[in-house]
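Chemist: Need the 3D shape of this:
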Amino acid sequence: MQLRHDINLPASASNLAGCAGTLQVQATGDASSAMERQQLRVSCADGWTLSATGQAHVFLPVVHAAGIIDRGQTLTSNDLKLQRINIAKARRGYYNHLDEVVGLAAKRRIRAGQTITPALLEQAMAVRRGEPVKMIANNDGIEASASGEALADGQPGDVIRVRNTRSGKVIEAKVLEPGVVTSTF
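Modeler: The predicted structure is shown next:
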């Protein structure tokens, strides 16, 4: 991390006498975060006070797209890179560890070099339409399984339609994990 704090003094500050003691700097505005522009009061024990503004600049490596990422694509570490930015200006959020986003999917197309923000990502689909799935049925401690085909995309917890590949029968099933659904009867 790299931190820099800029304080802008008014032109009238050049007319002030030097301060023999330690300068006191106090935030006086109503900024909700130390990362926002701050209104400051600078005072000296010698008797003078002036108003100034300050801005923090915090630079951290954050996750960016290494190349173009298509909508719906599940992210891998090869799709990502870390690049240093000023997080004080990252209003939409950011991730600073690759493992926070690996395995998530893009909600929309992401351009090469773009900062990866929470609004760009969603949980990856555990089941995709047309893919084979394992259908599991449980009843009174008896479990049976069959092969099926997903008729819709789904994330864990979603109820989707699935076709049994042997019988052709279509049922509603709850997505448990990638490639696995359970009947909802």
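
Chemist: Setting aside sequence neighbours, what's the nearest residue to the residue nearest the centre of the chain?
Modeler: Nearest to the mean C-alpha position of the chain, by Cα atoms, centre = their mean, lies Pro118 at 2.8 Å. If the residues on either side of it in the chain are set aside, Pro118 comes closest to Gly93, at 4.8 Å by Cβ to Cβ, 6 or more residues apart in numbering. Quick note: C-beta positions are derived from backbone N, CA and C, even for glycine.

Chemist: The longest strand along the chain packs against which elements?
Modeler: Ordering each strand of the chain by length in residues (DSSP state E) puts strand 49-65 first. Contact partners of strand 49-65 among helices and strands, from 3 or more Cβ pairs under 8 Å, 6 or more residues apart in numbering; DSSP states H and E: strand 2-8, strand 38-43, strand 80-86.

Chemist: and those as a markdown table, adding mean neighbour count, mean pLDDT and distance to Ile171?
Modeler: Output for these, formatted as a markdown table (neighbours: other Cβ atoms under 10 Å; pLDDT from 0 to 100; distance: least, Cβ to Cβ, whole Å):
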| stretch | mean neighbour count | mean pLDDT | distance to Ile171 |
| --- | --- | --- | --- |
| strand 2-8 | 11 | 87 | 57 |
| strand 38-43 | 17 | 90 | 60 |
| strand 80-86 | 16 | 95 | 38 |
